[in-house]
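Q: Need coordinates for the below:
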Amino acid sequence: MIDLHCHVLPGIDDGPRTLRVSLEMVEAAIAAGTSTIVATPHVSWEYANDAATIARLTGELNASIAARRLDLEIRPGAEVALTRAAQMSPGELQDLRLGGGPYLLVECPFTPTATGFDTLLLDLQRQGHRILLAHPERCPAFQRDPAMLSSLVRSGMLTSITAGALVGRFGAPVRSFTRDLAREGLVHNVASDAHDHIRRPPSIAAELQHAGLGPLSDWLTGEVPAAILDGADIPPQPRTAAATRPAKQAWWRRRG
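A: Coordinates of the predicted model:
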């Protein structure tokens, strides 16, 4: 599996504080079946990280992994807050893309209001970045107006869902909305969004199985993330376990 969203670098954001905990996360990820992690520390006004620091820490963590003969690769990336992205140079934003590919992982806001969020995303897309939306299932703006998320996906953006959301770790309403998204074909990737090895561990496969999405596991955690990192065409979702869509009325008008 490829984990596209994981806070694994030490001492850089709200993830692990020490290298020891980072390595414990790596060991937990290997045990859970992950072979590649994209390190995605926050790049925001609260965590003013930059591509050079992220690259340096990624190299140091890979060296520690190799020294312990652990079979996992860390690649650099970031989870970029849209408010910060608007103030960054084109070159810096490009260096923050996932694994050196064309996709930028953009954090969906947790604030109750996110006026202009879709406009800013489309502007980033026009600048040449391909957009992967981080945890849209936990974004109040999308919960309130899921048609906006559908529109962004139709424009070419992809979604990365947090595995824990599928099994209720962020509450029943988020779980319900996440499963709605899966039924409607609006989930393209499932990642761990791990922050440690205990409370927010790097687990993905178990959550997919629990939510009944096991038949799509290879696509969600292997084929799609590999295409994202390589800048290749996104493979079509397998027909196995394809969602059944409402036939007569838009799905977002049926909720509630």
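Q: SS state for the closest residue to Leu19 other than its chain neighbours?
A: Leaving out its chain neighbours, the residue that sits closest to Leu19 by C-beta to C-beta, 6 or more residues apart in numbering is Pro10, at 4.8 Å. In short, each C-beta sits where N, CA and C put it, glycine included. Taking DSSP: H, G, I helix; E, B strand; the rest coil as the rule, one finds Pro10 in the coil state.
Q: same question, the one 10 residues further on
A: When the structure is split into helix, strand and coil by three-state DSSP, Arg20 lands in helix.
Q: Quick one: residues contacting it.
A: With C-beta atoms under 8 Å, 6 or more residues apart in numbering as the criterion, no residue contacts Arg20.
Q: Could you check how far it is from Arg68?
A: Here the criterion is C-beta to C-beta, to the nearest Å. By it, Arg20 lies 11 Å from Arg68.
Q: what is the mean pLDDT for the longest helix seen in the chain?
A: When the chain is parsed with DSSP state H, its longest helix is helix 51-67. Averaging pLDDT along helix 51-67 gives 98.
Q: Which positions in stretch 98-116 come out as buried?
A: For stretch 98-116, a neighbour-count test (16 or more other C-beta atoms under 10 Å) marks Leu98, Gly99, Gly101, Pro102, Tyr103, Leu104, Leu105, Val106, Glu107, Cys108, Pro109, Ala114 as buried.
Q: Show me where the stretch 1-150 of the chain has its strands.
A: 2-6, 36-39, 42-43, 73-76, 79-81, 103-107, 130-134 (DSSP state E, counting those that start in this stretch).
Q: What are the contacting residues of the last one?
A: This means strand 130-134. So strand 130-134 is contacted by 4-5, 40, 79, 98, 102-108, 121, 124-125, 149, 152, 156-160, 188-189, 193, 228, 231 (C-beta under 8 Å, 6+ apart).
Q: let's see 7 Å
A: 5, 79, 98, 102-108, 121, 124-125, 157-160, 228 (C-beta atoms under 7 Å, 6 or more residues apart in numbering).
Q: The fifth one too?
A: Applying C-beta under 7 Å, 6+ apart, the external contacts of strand 79-81 come out as 5, 40-45, 96, 104-107, 134.
Q: And the buried residues of stretch 98-116, which two are furthest apart?
A: Spanning the widest gap among the buried residues of stretch 98-116 are Gly99 and Ala114, at 27.1 Å by C-beta to C-beta.
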